[in-house]
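> Everything below, folded, please.
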Amino acid sequence: MNFDALYVVVATLMVIIAVGFLCRKVGIINDVSSKNLSKLVLMVGQPAMLIYSMSSAEYNEKNVNIAWTMLWLGFIYHGALAVLGYFLALPYKKNIDEEKISEFSFMFANCAFIGFPIFEALLGPTGLFMASFLVFSFNVLLWTWGLAIFGRKRNDIKLSIKKIFLNFGTVPCVIGFALYLLKDPAIGFELPVFLTKAMGYLTNICTPISVLIIGALIATQSPKRIFCSWKLYYFNAIKLFVLPLLVCLISKVILILVPVDGLYMYAVFATAAAALPSAAAVTMMSETHGLDSVYSSVIVGTTSLLSVLSLPLTMMIAEQILKL
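Residues are numbered from 1 along each chain as shown. Okay, the predicted model is just below:
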C-alpha cells in the first residue's frame, strides 16, 4: 500500500472540509447554494467522472478481467453489507427513521467522491478503475435495496423500474463500460480528444465540491448533537473500524484458502471500501422521502470528518493483518 500518497490525500480532504466549514459559517455556502452544488456534482460531475474513469483506462486483458470481476464482486460486497447493516441497525429500532438511515448508511459508503482519490492513492490507476465498477453495483442497489429500506412500513415509497435503470449513476456506468469495451483492438473506437478532456475537467469538480459540502454540512450541526449522542459513537465505531477490519479478516481467510495471484489487491480494495464514510446520498434520499434529514446529515458529516483520522489507521492495521 502507498501510505505516503494516502496521507497526502487524507490531509488534502481535511483542508477542504475545513474550508467548507468556514464557508458555511461566513455565509458563502447556504442551504440554497449547497443543494445547487449537490445537484451539479450528482447530475454533471458524477456522470462525467464515471464515464471518464472507465473509458480512459488502458484496454488490456488484465483490465478486462478486473472489470468483469468487480461487477459481480460489487454486488456480493454490497449484499453482505446489507445483511450486516440490518442487524447492526437494530439498536435504533425505537426510532424507525434512525433505524432506516443507519441501516442504509452501514451499507452504502462514499465510494466515488471520497473513494476515488483514496483508491487511487492506495492502488494507483488500477484502484481508480476498480472503483468505477464498484460504483455500478452501488447505484443499482441504491435504487432497489436502498429504496426498499426507506420504504419499509410505508405505502408511499415504491420501487421504480425507471429509477433503477435510468439514474445519474447507472446510465453513465453503462456508457463508460461500453466505451471501454469498444477500445478492443478489433474495434479500435476512441472518443475524440476534446470530449475526453472535457470529461476530465468535469471529473475534477466532483471531489472538491462534494467535500466542501460535507464541511458545510458539519457546520450546520451543534457540537452537542455531534459529540453527546451514544448512537453516533456506536455508529462511527462500527462503520469506521469494526466493519473494515471484519472485511479485512474475511479477506485474509480467503487469501489463505485461495492463494491466487492478484487477490491481495482485491483484499486491500475491499477493506478500503468498507473504511470509507457513509454516502452523501443518504441525506439526499432522506430529504426526498421525508425521513429525519438532520440525523442523516450528522451521520454523513461525522463519518466524513472522523474518517480523515480513522482511514489511515485502519489501513495500517489491515496491512499487518493481510501480510501475516
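> What sits closest to Leu324 if chain neighbours are left out?
Spatially, and ignoring its direct neighbours in sequence, Leu324 is nearest to Lys252 (7.0 Å; Cβ to Cβ, 6 or more residues apart in numbering). C-betas here are computed from N, CA, C, even on glycine.
> Show me what the helix or strand where Tyr77 lies is packed up against.
Using DSSP states H and E, Tyr77 sits within helix 61-88. Judged by 3 or more Cβ pairs under 8 Å, 6 or more residues apart in numbering; DSSP states H and E, the packing partners of helix 61-88 are helix 96-107, helix 125-141, helix 243-257, helix 263-274.
> Please export the C-alpha coordinates of the first one as PDB.
Taking Å, rounded to 0.1, in the frame of the first residue of the first chain, the C-alpha atoms of helix 96-107 are listed here in PDB:
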ATOM      1  CA  ILE A  96     -37.800   4.000  12.800                       C
ATOM      2  CA  ASP A  97     -36.200   6.800  10.900                       C
ATOM      3  CA  GLU A  98     -32.900   6.500  12.600                       C
ATOM      4  CA  GLU A  99     -33.000   2.700  12.200                       C
ATOM      5  CA  LYS A 100     -33.600   3.000   8.400                       C
ATOM      6  CA  ILE A 101     -31.000   5.700   8.000                       C
ATOM      7  CA  SER A 102     -28.400   3.800  10.000                       C
ATOM      8  CA  GLU A 103     -29.000   0.600   8.100                       C
ATOM      9  CA  PHE A 104     -28.800   2.400   4.800                       C
ATOM     10  CA  SER A 105     -25.600   4.200   5.900                       C
ATOM     11  CA  PHE A 106     -23.900   1.000   7.000                       C
ATOM     12  CA  MET A 107     -24.500  -0.400   3.500                       C
END
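> what is the orientation angle of it with helix 61-88?
If you take axes from the mean of the first three to the mean of the last three Cα atoms, to 10 degrees, helix 96-107 sits at 150 degrees to helix 61-88.
> immediately after helix 96-107, which helix or strand?
Next helix or strand after helix 96-107 toward the C-terminus (DSSP H and E): helix 115-123.
> contacts for that following helix?
Outside helix 115-123, the residues that touch it by Cβ atoms under 8 Å, 6 or more residues apart in numbering are 1-2, 5-6, 8-10, 12-13, 49, 53, 109, 127-128, 130-131, 134, 206-207, 265, 268-269, 272-273, 276, 311, 315.
> Let me know the average pLDDT across it.
Per-residue pLDDT values across helix 115-123 average out to 91.
> Which of the helices and strands in this protein ranks last by mean pLDDT?
Least confident element among the helices and strands of the chain, by mean pLDDT, DSSP states H and E: helix 223-227 (a mean of 73).
> Which secondary structure elements does that helix sit against?
Using 3+ Cβ pairs under 8 Å, 6+ apart, helix 223-227 sits against helix 293-322.
> at 10 Å instead, please
helix 230-237, helix 293-322 (3 or more Cβ pairs under 10 Å, 6 or more residues apart in numbering; DSSP states H and E).
> by how many degrees do the helix holding Tyr77 and helix 230-237 diverge?
150 degrees.
> Give me the buried stretch members for helix 61-88, please.
Of all the residues in helix 61-88, those buried under the rule 16 or more other Cβ atoms under 10 Å are 63, 66-67, 70, 73-75, 77-78, 80-82, 84-85, 88.
> And for stretch 35-48?
37-38, 40-42, 45-48.
> Okay, and which of these map to strands?
Using DSSP state E, no member of the buried residues of stretch 35-48 falls in strands.
> between these, which is closest to Ala237?
Of all those, Ser38 has the smallest distance to Ala237: 27.8 Å, by Cβ to Cβ.
> pLDDT at the closest one, what is it?
82.
> Distance-wise, check it relative to Cys206.
11 Å (Cβ to Cβ, to the nearest Å).
> Output the buried residues of stretch 35-48 in JSON lines, with distance to Ile299 appended to each entry.
JSON lines is the format used below for those (distance: Cβ to Cβ, whole Å):
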{"residue": "Leu37", "distance to Ile299": "20"}
{"residue": "Ser38", "distance to Ile299": "16"}
{"residue": "Leu40", "distance to Ile299": "23"}
{"residue": "Val41", "distance to Ile299": "19"}
{"residue": "Leu42", "distance to Ile299": "18"}
{"residue": "Gly45", "distance to Ile299": "23"}
{"residue": "Gln46", "distance to Ile299": "20"}
{"residue": "Pro47", "distance to Ile299": "25"}
{"residue": "Ala48", "distance to Ile299": "27"}
